[in-house]
Structures are given as C-alpha cells and as structure tokens.
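[1] Just a sequence and a predicted model for now, questions to come.
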Amino acid sequence: MNIAVLASGRGSNMEALAGAVRRGEIPARLVLVISDNPEAPALSRARQLGIPALGIARDRYSCRKDFEEALVGELKKADADLLVLAGYMRLAGPVLLSAYGGRIVNIHPSLLPSFPGLDAQKQALEYGVKISGCTVHFVDDGMDTGPVIAQAAVPVLSGDTPESLAERILIQEHLLLPQVVGWLARGQVKRRDRQVWIEEEKK
Ligand code: GRF
C-alpha cells in the first residue's frame with residue numbers, strides 16, 4: 001500500500017506515521033507528503049526523513065475544483081492508495097472524494113461527534129467535559145462527520161489550558177494514527193455504512 005499524507009502545519013502526526021513505517025509496524029510505503037501551505041513545517045520535516053514532499057499553494061488556484069485536480073494529479077502520479085489527513089485544515093471537496101472516497105482518513109483531537117472543527121481542545125475545555133481524546137475517522141463531505149474507526153480517551157485535568165490538553169491528546173494521536181493505518185494496510189478495517197470494525201489479523 002502506498003500512503004500519502006496531507007498536512008497544513010507542524011507534521012508531528014506525519015512523523016509518527018513515518019516512524020511506524022520505518023520500524024516495519026505498517027506494511028506500506030509513505031510515498032508523498034503534500035501541504036496546501038508551501039511553508040508548512042510538515043514539508044521540511046518530511047524532506048529530512050527522505051520522504052518526497054510537495055507544497056501546492058491553495059491561493060494559486062481560483063477555485064477548490066482546480067486546486068483538488070492538481071492535488072489528485074500528484075497523488076495519482078505517486079500512485080497513492082490511501083490518504084491520511086494529519087492536520088490538513090481544509091474540507092475534502094467532490095474532486096478529492098470522487099478520486100479517493102472511502103480511502104481517506106483524518107485524525108481529529110476530540111472524541112467525535114463532540115467538538116468538530118477548529119480549536120477542538122478549547123471547545124472541550126469551554127464545555128467542561130471531563131474526558132476528551134482523539135478520533136481517527138473516514139472522511140466524507142462534512143466537517144469531521146465521517147464514520148469513526150477508532151478513538152482514544154484522555155482525561156481533562158483541573159487547571160488544563162487548551163495547550164496542556166492538546167499536548168496530552170497529541171501523545172495519544174501519535175499512537176492511535178499509526179495503529180489505525182496499520183490496520184488499514186493489513187486489510188483489517190471493515191465497514192458497513194457508519195459501522196466500522198477491526199478484524200483479527202490473518203496469519
Ligand atoms: C493534530 O492535533 C490533529 O489532530 C489536528 O491537527 C493537529 C495536527 O498536528 N487535526 P500535527 O501537524 O500532526 O503536528
């Protein structure tokens with residue numbers, strides 16, 4: 001399986017994935033990292049790891065369709081089978097979904113369906129929940145609405161700030177995302193409508 005990562009920012013989840021691939025925990029290749037922001041640290045981090053990395057500036061395209069056509073063109077060239085959105089700050093549009101529908105996953109720093117969208121950790125603190133966490137889900141045309149594959153819970157502690165909570169959630173993200181991508185690469189993830197389950201690995 002060939003994996004491509006889309007990231008808009010820091011790229012720590014991309015790096016966690018790259019580490020798991022390198023250690024042989026995921027039977028796949030990380031073939032390409034693309035960012036809609038050519039300045040994203042995720043791109044320089046990927047290059048340092050020897051992974052091809054490409055900035056495709058969204059603002060150089062007049063509409064989402066043209067931008068996503070360029071994106072899909074590069075993904076096809078790299079022969080990507082699975083797209084992992086890791087801190088990718090845009091909704092997937094019709095062009096991306098029709099090329100990769102059912103083969104796109106995203107990581108989000110809350111227990112969905114609570115707190116979708118931006119600033120999920122701040123939303124959780126403001127609401128006052130005692131447990132938050134992270135979710136890996138299939139991507140559909142909504143904002144963090146696709147079928148949930150796996151979640152990890154993280155307690156909210158008194159005195160938490162959005163930053164301290166984000167930091168503790170991130171530790172779980174770096175474990176959960178490689179685990180789910182490993183299941184996908186081994187064909188263990190089954191889905192019917194919104195129901196997703198993980199089958200035992202075939203030996
Ligand atoms: C993560 O918290 C992820 O859940 C969210 O954006 C953040 C990206 O962090 N979607 P990084 O770029 O992987 O370090």
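    In hand now; what should we look at? Numbers count the residues shown, from 1 in each chain.
[2] residues in this structure within reach of the ligand, list them.
    Residues of the chain lying close to the ligand by CB under 6 Å from any ligand atom are 7, 9-13, 42, 86-87, 107-109, 170, 173. In this view, the C-beta of every residue, glycine as well, is placed from N, C-alpha and C.
[3] Pull out the buried residues from these.
    7, 9, 11-13, 42, 86-87, 107-109, 170, 173 (16 or more other CB atoms under 10 Å).
[4] I'd like those laid out as TSV, including pLDDT and secondary structure.
    Listed next are those as TSV, based on pLDDT from 0 to 100; DSSP: H, G, I helix; E, B strand; the rest coil:
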residue	pLDDT	secondary structure
7	98	coil
9	96	coil
11	98	coil
12	98	helix
13	98	helix
42	98	helix
86	98	coil
87	97	coil
107	98	strand
108	98	strand
109	98	coil
170	98	helix
173	98	helix
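[5] In this structure residue 105 contacts residue 149, no?
    Yes - taking CB atoms under 8 Å as the definition, residue 105 is a contact partner of residue 149 at 6.6 Å.
[6] Mutual contacts of those two, please.
    Common contacts of residue 105 and residue 149 (CB atoms under 8 Å, 6 or more residues apart in numbering): 136-138, 180.
[7] Just flag the most distant two among those residues.
    Spatially, the most separated pair among the shared contacts of residue 105 and residue 149 is 138 and 180, at 10.3 Å (CB to CB).
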